[in-house]
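Student: Take this sequence and fold it.
(one chain, ligands or ions: 1)
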Amino acid sequence: MSEHKMHPESKMMSHGYNPEWSEGAIKCPIFQTSTFVFPTAEAGKAFFEVASGLREKGQQEKVGLIYSRLNNPDLEILEDRLCLWDEAEACAVFESGMSAISTALMEFLSPGDLLLFSGPLYGGSDHFIKHFLTRFGIHAMEFNASESMEDLIGRIREKGLENKLRMIFLETPANPTNCLYDISLYRKLADYFSTADNRVLVGVDNTYLGPVFQHPLKHGADLVIYSATKYIGGHSDVIAGACLGSKALIQRIKGLRTYFGNMAGPWTGWLLMRSLETLKIRMERQAANASVLADYLTHHPKIHDVHYLGYLTEADGDQYEILKNNASPPAP
Ligand SMILES: Cc1ncc(COP(=O)(O)O)c(C=O)c1O
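Tutor: Model (predicted):
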């Protein structure tokens, strides 16, 4: 075979799975098990040491499966496959989009920290930030797309929180307005407030354009988060979430996931692997259908306003530029 790099959509049926592991089954089975058997007590001890962070995995060491709250083939193979779309080093899958978002925010924020977040956000994220995180002394500051970097720097300084910024959380396009945020601009803002021992993180909820049409890690985000319930799942039969980024960041998120116990189950993992096989073709078709629907609704006498990204033109200024630079929707 040549060195030709295959597209993610071509690898969704096979990547990360070897039929020899499962009696030759071409498709990864559902590993519906709570616990795994270790070859020896010593091997079990070694697996636990790595899984619980007591020591680093040796270079040649293969860490076996332990307990489905920590790892399970349906989750690990799904995580490997999800990484391909965003070219991420690592991924953690969850039983809902909200558990991915809440776990990522709770892992990196501590009392006294400042979280800057774009508005509007999906209602669940908005509520979690404004009514839950704030109970733990986390400062939450909402901003909108019309505020410049200078405005935001000024607002942070006015509150005396310039040494407290820990994370910028964006939802782009925003639910429900489709407002777009320029990921690379907020990377610059994060860098402006970062210090040698505090890299301000940029997290992006990429539910609406990803993982096919927008890849936040390429624009400077540290974390990309999904409600996999939407396009990734795609069949209205599963609630799930995912968070992707560097190995180091995802290892921390997986640590908290182990203690919250909000990992996806094996059946969810299997359903999402089934869904990934058709992800690209579904999203392209849905984008084409959306354009027909938008045209229909625009001319409907009872419809006042249609927020459709395909209608953005140069006259829309920044929003059009962001769409052009951050996202690559197919031609309608
Ligand atoms: C943009 C966005 N993020 C996150 C979520 C939450 O995901 P879930 O319902 O899978 O928990 C939703 C749900 O609608 C959403 O629209």
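Student: ok, the residue lying closest to Thr268 once chain neighbours are set aside - contacts?
Tutor: Once flanking residues are discounted, Thr268 sits nearest to Ala240: 5.1 Å by CB to CB, 6 or more residues apart in numbering. Where you see a C-beta, it was placed from the backbone N, CA and C, and this is true even at glycine. Neighbouring residues of Ala240 by CB atoms under 8 Å, 6 or more residues apart in numbering: 93-97, 227-229, 232-233, 264, 268, 271-272.
Student: Gly269 too?
Tutor: Contacts were defined as CB under 8 Å, 6+ apart; by that measure Gly269 touches 30, 72, 74-75, 77-78, 93.
Student: Same check on Cys243?
Tutor: With contact set as CB under 8 Å, 6+ apart, Cys243 has these partners: 91-92, 94, 100, 103-104, 223-226, 250, 253.
Student: let's go with 10 Å and repeat that
Tutor: Contact analysis of Cys243 by CB atoms under 10 Å, 6 or more residues apart in numbering lists 79, 82, 88, 90-94, 97, 99-101, 103-104, 107, 203, 223-226, 249-250, 253-254, 257.
Student: Could you list the domains of this structure?
Tutor: 73-276, 279-326 (automatic domain parsing).
Student: Let me see the ranges of the strands in this structure.
Tutor: Remark: strands assigned in the chain by DSSP state E are 90-94, 114-118, 139-143, 165-171, 201-205, 223-227, 241-245.
Student: Of these, give the one that comes closest to the ligand.
Tutor: For the ligand, the closest of the strands of the chain is strand 223-227, at 3.0 Å, according to CB to the nearest ligand atom.
Student: near the ligand, which residues of the stretch 1-150 of the chain?
Tutor: Taking CB under 6 Å from any ligand atom as the criterion, the stretch 1-150 of the chain approaches the ligand at residues 96-98, 122, 124-125.
Student: Among those, name the buried ones.
Tutor: Among these, those scoring as buried are 96-98, 122, 125 (criterion: 16 or more other CB atoms under 10 Å).
Student: Mind listing the residues bridging to the residue most central in space within the chain?
Tutor: Residue closest to the mean C-alpha point of the chain, counted by CA atoms, centre = their mean, is Ile225 at 1.7 Å. Per DSSP bridges, the residues bridged to Ile225 are Asp205, Cys243.
Student: what's the first-to-last distance across stretch 296-306?
Tutor: Using CA to CA, to the nearest Å, one end of stretch 296-306 lies 10 Å from the other.
Student: on that earlier part again, any chance of the contacts of Ala240 in JSON lines, with pLDDT too?
Tutor: Output for the contacts of Ala240, formatted as JSON lines (pLDDT from 0 to 100):
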{"residue": "Val93", "pLDDT": "98"}
{"residue": "Phe94", "pLDDT": "98"}
{"residue": "Glu95", "pLDDT": "98"}
{"residue": "Ser96", "pLDDT": "98"}
{"residue": "Gly97", "pLDDT": "98"}
{"residue": "Ser227", "pLDDT": "98"}
{"residue": "Ala228", "pLDDT": "98"}
{"residue": "Thr229", "pLDDT": "98"}
{"residue": "Ile232", "pLDDT": "98"}
{"residue": "Gly233", "pLDDT": "98"}
{"residue": "Ala264", "pLDDT": "98"}
{"residue": "Thr268", "pLDDT": "98"}
{"residue": "Leu271", "pLDDT": "98"}
{"residue": "Leu272", "pLDDT": "98"}
